[in-house]
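Peer 1: What follows is a predicted protein model with its sequence.
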Amino acid sequence: MKDDSSIIEKKAPGINGMFMFCLNMAVLACCAGGMLYFGIRLENGINTKMSGAMLGLLGSIIGLVVPFIQAGIKILRPNEALVLTLFGSYYGTLKGAGIFFVNPFAQAVYPLHAGASSGCISEDSKNSAKSSSSQTASAKKKISLKAMTLNNDKQKVNDALGNPIVVGIVVVWKVTNTAKALFNVDNFVEFLSIQCDSALRNIVRLYPYDSSDEDGEKSLRGSSLEVADKLKDEIQQKVEIAGLDILEAKITHLSYAPEIAPVMLQRQQAVAVVAARQYIVDSAVGMVEMALEKLSEKNIVNLDEERKAAMVSNLMVVLCANKETQPIVNAGSLY
């Protein structure tokens, strides 16, 4: 038994479509002209038996031969493909703009994605696809080879620390193997949508939402390029069976879930305040140290330990205070 998952895309055999189109038009014109000629002869009573026979023959050609040739003519626009089957077996794929002529008994396979060129897969779109499938089945049987985008609904996922976050992604993709896309999966756009959601959950669980600079830990916010590359590779591996190529995958929305967003915002603010305070204190200590070294180096004033402590205290207050300092004039001595 042949394994359908190993199906290989091949070019559909055929001949020059323009030649067959012109031949079909010529046959149609000749038959129409002949029917007009023998119709006039029959009306005038000239050789009625032969005229009637020729009218029947030409009518049969127009009714049978011309539609038969017309059924084998396929017209494609740029970046379109047409998958054909013959008596239930894969016949081949037509690609590229132009007119083609193939076996008239070959049937075009309708892609079940309902002609969606960009995907925002949601319940509404899935329901509308079902209701309009009967209309699009007869109107469109071609597969687009253009680069398309898929933008799924946002998901609530737990990160590496167990915090619930809301994530949204956009995926740029295209069909590279039309045979796999139609015969290996039922609906390749819906299949891609499901695999994108699955890959997103798998990747997000590996990283925390955010991390401090001191830890050096990779996070969803700080390592967006690495996360995007891993997400792309994960999706590509999952949709290989459907003959799809993932061109780009990136996170377009990232936030904490609404139930913890206020608390996490306060936490972020507190971490920022502590980091700012630490920076201010480190800078103030450096400035005080530099001031003492300059005073001692240039012998501007000789300070004992008690006066140094008082100076350090005053400078630290000035440099670290949130409010403006009020100058105090010392009219006496410290002792």
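Peer 2: Structure's in. What do you need? Numbering: from 1, shown residues only.
Peer 1: all contacts plus neighbour counts: C-alpha atoms, from now on.
Peer 2: Fine.
Peer 1: Rounded mean pLDDT for stretch 180-196, please.
Peer 2: For stretch 180-196, the mean per-residue pLDDT is 90.
Peer 1: Endpoint to endpoint, it covers what distance?
Peer 2: For stretch 180-196, the first-to-last residue distance is 18 Å (Cα to Cα, to the nearest Å).
Peer 1: List the buried residues of it.
Peer 2: Of the residues in stretch 180-196, those buried by neighbour count under the rule 16 or more other Cα atoms under 10 Å are 180-185, 187-196.
Peer 1: got it, and stretch 220-238?
Peer 2: 220-222, 227-228, 230-232, 234-236, 238.
Peer 1: ok, and what's touching that stretch?
Peer 2: With Cα atoms under 8 Å, 6 or more residues apart in numbering as the test, stretch 220-238 has contacts from 195-196, 199-200, 203-204, 207-211, 244-251, 254.
Peer 1: of those, buried ones?
Peer 2: Applying 16+ other Cα under 10 Å to the contacts of stretch 220-238, the neighbour count classes 195-196, 199-200, 203-204, 207-210, 244-246, 248-251, 254 as buried.
Peer 1: Which of those residues fall within helices?
Peer 2: Within the buried ones among the contacts of stretch 220-238, residues falling in helices by DSSP state H are 195-196, 199-200, 203-204.
Peer 1: Can I get these in CSV including distance to residue 78?
Peer 2: Formatted as CSV, those follow (distance: Cα to Cα, whole Å):
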residue, distance to residue 78
195, 29
196, 28
199, 32
200, 33
203, 36
204, 38
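Peer 1: What is the nearest of these to residue 28?
Peer 2: Here the nearest of those to residue 28, counting by Cα to Cα, is residue 195; it sits at 50.9 Å.
Peer 1: residue ranges for the helices of the stretch 1-150 of the chain, please.
Peer 2: Along the stretch 1-150 of the chain, the segments classed as helices by DSSP state H, counting those that start in this stretch run 17-43, 48-60, 66-71, 123-131, 133-139.
Peer 1: And the stretch 151-300 of the chain, by the same measure?
Peer 2: Under the criterion DSSP H, counting those that start in this stretch, the stretch 151-300 of the chain contains helices at 178-183, 188-204, 224-239, 261-297.
Peer 1: where are the low-confidence patches of the stretch 201-335 of the chain?
Peer 2: Low-confidence segments of the stretch 201-335 of the chain, defined by pLDDT under 70: 212-216, 260-261, 263-264, 266-271, 300-301, 303-304, 317-335.
Peer 1: give me the number of residues near residue 98?
Peer 2: A count of neighbours around residue 98, defined by other Cα atoms under 10 Å, yields 14.
Peer 1: That one reaches residue 73, doesn't it?
Peer 2: No: taking Cα atoms under 8 Å as the contact criterion, residue 98 and residue 73 are not neighbours in contact, 10.4 Å apart.
Peer 1: Tell me how many other residues crowd residue 158.
Peer 2: Once other Cα under 10 Å is used to define contacts, residue 158 is seen to have 21 neighbours.
Peer 1: Wait, it touches residue 200, no?
Peer 2: No: using Cα under 8 Å, residue 158 makes no contact with residue 200, being 11.0 Å away.
Peer 1: so what are the domain limits for this structure?
Peer 2: 4-108, 123-259, 263-320 (automatic domain parsing).
Peer 1: so how far is the second one off the chain centroid?
Peer 2: Right, the one you point to is domain 123-259. 7 Å (Cα atoms, centre = their mean, to the nearest Å).
Peer 1: Repeat that for the first one.
Peer 2: Averaging C-alpha coordinates over domain 4-108 and over its chain gives two centres that are 40 Å apart (Cα atoms, centre = their mean).
Peer 1: And the average pLDDT for it is what?
Peer 2: This predicted structure assigns domain 4-108 an average pLDDT of 80.
Peer 1: Quickly list what residue 170 is bridged to.
Peer 2: Here residue 170 sits in beta bridges with residue 151, residue 250, going by DSSP bridges.
Peer 1: That one and residue 247 touch, don't they?
Peer 2: No: contact between residue 170 and residue 247 fails when scored by Cα under 8 Å: they sit 10.9 Å apart.
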